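Asker: What follows is a predicted protein model with its sequence.
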Amino acid sequence: MNIEVADRLKHTEEYYFSKKLREIDQMNKEGAQVINLGIGSPDLPPHPEVIRVLKEEAQKANIHGYQNYKGVPALRQSIADWYLKYYQVQLDPQTEILPLIGSKEGIVHICMTYLQQGDQVLIPNPGYPAYSSAVRVTGATAIPYSLTAERNWQPDFDALEKLDLTKVKMMWVNYPHMPTGARASTALFENLIAFGKKHNILICHDNPYSFILNDRPQSILAIDGASEVAIELNSLSKSSNMAGWRVGMLVASQQRIEEILRFKTNMDSGMFLPLQLAAAKALQLDETWYTEINTVYAKRRTLVYELMDILKCTYDKDQVGLFVWARVPDNFENSYKLCDRVLYDAHVFITPGGIFGTEGEKYIRISLCAKEEVLKEATARIAPTVTWRGNN
């Protein structure tokens, strides 16, 4: 049979990590024992109280049926309280919050709700590959906008104003920024909201990293008038060590929530009730939870800095989030060359920044989701292999 995939997938490649992990699996089968420092999947467990709630609720006999698409009131109220406490954003739990099966689901839902062929979307370069993938699936066109170290990985609004924006319907932004770790700022968010209003562009802010090694969590919805033009995604994957639980949230005006629900209700169902109640417990934890996990990540980050020094990479110590982003030595043509050298010589996998866009091609990213002893072992493996001085 000769059945072709739909046109929407013909220019959508398999996710880089999916392909690379298959290669690493094969290396491991051959005895390599590769250390994976490439992916931001928290290795620490959720809080014991969160697991307790999940266990107790899952043992009940009457909670295994379908759930409401908008989530249970307890979860929506916990999200509203969390946003008020940490972001100073007042949300109506009945109309302005939509729980998600992970925030990555929300990226697709937003794009499928608002985009179609002929539309254009501004996508950060470097940025999370899922943004451009979701845009392509809708038939719309992704327009990359450059982020550079010289501008602290923030948009150049003067350059954006020179573009033909008549077909631009949406702009994806993400602060603290992944992969660079650049922080958000009130001024940046104010400029984004003003830009969106001026050009009738929906500003979509992806915000899963604001509690990791960051003492200033911020939401774009804290800006006056933001709800008129902005949507924000958030997640418990990083901040609560619940990546595999698939619990996220979309917060926006009532109109946006209702519009996105029209798509979501045709695509999936509500989350398992015990997951929702456990997520509510996670959101109710006090500040000591974030202090404790950040103490662990801070120690790991110091070790990653040492590893970057051995690799002769340069980095900004003001970056936040779950990774360390660093520029590769000038004698390497691009990040892929360095990452492959480390993988094949030292059996350590690190992420080439080029997968996040052309502006990342001279950078690498190392995850903090590895225990200190693993990071020390990676350093011990890599150190003897670093022989480059003037060639690669």
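Answerer: Arrived safely.

Asker: Export stretch 232-243 to PDB, keeping only CA atoms.
Answerer: Output of stretch 232-243 as PDB, limited to C-alpha atoms (Å, rounded to 0.1, in the frame of the first residue of the first chain):
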ATOM      1  CA  GLU A 232      -0.100  32.300  29.400                       C
ATOM      2  CA  LEU A 233       0.800  28.600  29.800                       C
ATOM      3  CA  ASN A 234       2.300  27.200  33.000                       C
ATOM      4  CA  SER A 235       3.200  23.700  34.200                       C
ATOM      5  CA  LEU A 236       3.900  21.600  37.300                       C
ATOM      6  CA  SER A 237       6.500  19.600  35.300                       C
ATOM      7  CA  LYS A 238       9.600  21.600  36.400                       C
ATOM      8  CA  SER A 239       8.400  23.500  39.500                       C
ATOM      9  CA  SER A 240       6.800  20.500  41.200                       C
ATOM     10  CA  ASN A 241       8.900  17.600  39.700                       C
ATOM     11  CA  MET A 242       5.800  16.200  38.000                       C
ATOM     12  CA  ALA A 243       6.900  16.000  34.300                       C
END
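
Asker: Could I get the full set of helices for the protein?
Answerer: With helices called from DSSP state H, the chain shows them at 7-10, 16-29, 48-58, 73-87, 103-114, 129-138, 157-161, 186-199, 254-264, 273-284, 287-310, 335-346, 372-382.

Asker: The last one: which residues count as buried?
Answerer: Judged by neighbour count (16 or more other CB atoms under 10 Å), helix 372-382 contains these buried residues: 374-375, 378-379, 381-382. The way it works is simple: take the backbone N, C-alpha and C, and place the C-beta from them, glycine included.

Asker: tell me the angle of it relative to helix 335-346?
Answerer: Here helix 372-382 runs at 90 degrees with respect to helix 335-346, directions being taken by axes from the mean of the first three to the mean of the last three CA atoms, to 10 degrees.

Asker: Taking helix 287-310 as reference, get the angle to helix 372-382.
Answerer: Calculated by the same axes, to 10 degrees, helix 372-382 forms an angle of 10 degrees with helix 287-310.

Asker: other SSEs contacting helix 372-382?
Answerer: For helix 372-382, the helices and strands in contact under the criterion 3 or more CB pairs under 8 Å, 6 or more residues apart in numbering; DSSP states H and E are strand 35-36, helix 287-310, helix 335-346, strand 348-349.

Asker: I would like the residues contacting it, please.
Answerer: Counting contacts by CB atoms under 8 Å, 6 or more residues apart in numbering, the residues outside helix 372-382 that touch it are 35, 37, 299-300, 303-304, 306-307, 310-311, 342, 346-348, 370.

Asker: Name the nearest residue to residue 153, ignoring sequence neighbours.
Answerer: The spatial neighbour of residue 153 that comes closest, neighbours along the chain excluded (CB to CB, 6 or more residues apart in numbering), is residue 182 at 3.7 Å.

Asker: should've said residue 363
Answerer: Computed as CB to CB, 6+ apart, the closest residue to residue 363 that is not its neighbour in sequence is residue 353, at 3.3 Å.

Asker: neighbours around the one you found, how many?
Answerer: As a burial measure, the neighbour count of residue 353 was computed by other CB atoms under 10 Å and equals 27.

Asker: Who are the contact partners of it?
Answerer: Applying CB under 8 Å, 6+ apart, we find residue 353 in contact with 126, 179, 325, 335, 360-365.

Asker: Just the buried ones from those residues?
Answerer: The neighbour-count test (16+ other CB under 10 Å) marks 126, 179, 325, 335, 360-365 as buried among the contacts of residue 353.

Asker: Out of the residues you listed, which is nearest to residue 237?
Answerer: Using CB to CB, residue 179 is the member of the buried ones among the contacts of residue 353 that lies nearest residue 237, at 15.7 Å.

Asker: quick one: that closest one from residue 31, how far?
Answerer: Per CB to CB, to the nearest Å, residue 179 is found 31 Å from residue 31.

Asker: I am finished for the moment; much appreciated.
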